[in-house]
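# Sequence first, then the predicted structure, then my questions.
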Amino acid sequence: MWSGRCRCHPGPAGKILATEADYAKAVLPASEAPDTVPGALVRGRVVDPEHWAVAGVPPAVYAMYTGRTI
């Protein structure tokens, strides 16, 4: 029967959490989250103008972004 793991990619080792305090400590983030961006106007460019998905799209596309990952 297949266990869901293969020998070539064993994945991370598991950890047994005995108490809720152990769980709370395990799920804490490694670092503080960055500040949110209230809004930014971002510009993207079309990488492959010959692709069918960008037919009729101009070379530069502008969009409004809100979030933590830029």
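It's in. Residues are numbered from 1 along each chain as shown.

# so where's the protein shaky on pLDDT?
For the chain, the stretches with pLDDT under 70 are 1-7, 9, 11, 69-70.

# Can you show me the helices along it?
20-26 (DSSP state H).

# wait, doesn't Ala26 sit right on Leu17?
Yes. Judged on CB atoms under 8 Å, Ala26 makes contact with Leu17 at a distance of 6.0 Å. Any C-beta I mention is one placed from the backbone N, CA and C, and that applies to glycine too.

# In terms of packing, which of these two has more residues around it?
Leu17 (13 against 9; other CB atoms under 10 Å).

# okay, now the residue nearest to the more buried one when sequence neighbours are not counted: neighbour count?
Leaving aside its chain neighbours, Leu17 sits nearest to Tyr23 (4.8 Å; criterion: CB to CB, 6 or more residues apart in numbering). Using other CB under 10 Å, Tyr23 has 10 neighbouring residues.

# The one 10 residues further on too?
With neighbours defined by other CB under 10 Å, the count for Ala33 comes to 7.

# So it versus Ala63, what's the distance?
Using CB to CB, to the nearest Å, Ala33 is found at 23 Å from Ala63.

# repeat for Val42
Shown here: Val42 relative to Ala63, a distance of 6 Å by CB to CB.

# Please apply the same query to Pro29.
Taking CB to CB, one finds Pro29 at 28 Å from Ala63.

# So those two - more neighbours on which side?
Between Pro29 and Ala63, counting by other CB under 10 Å, Ala63 is the more crowded of the two (9 against 6).
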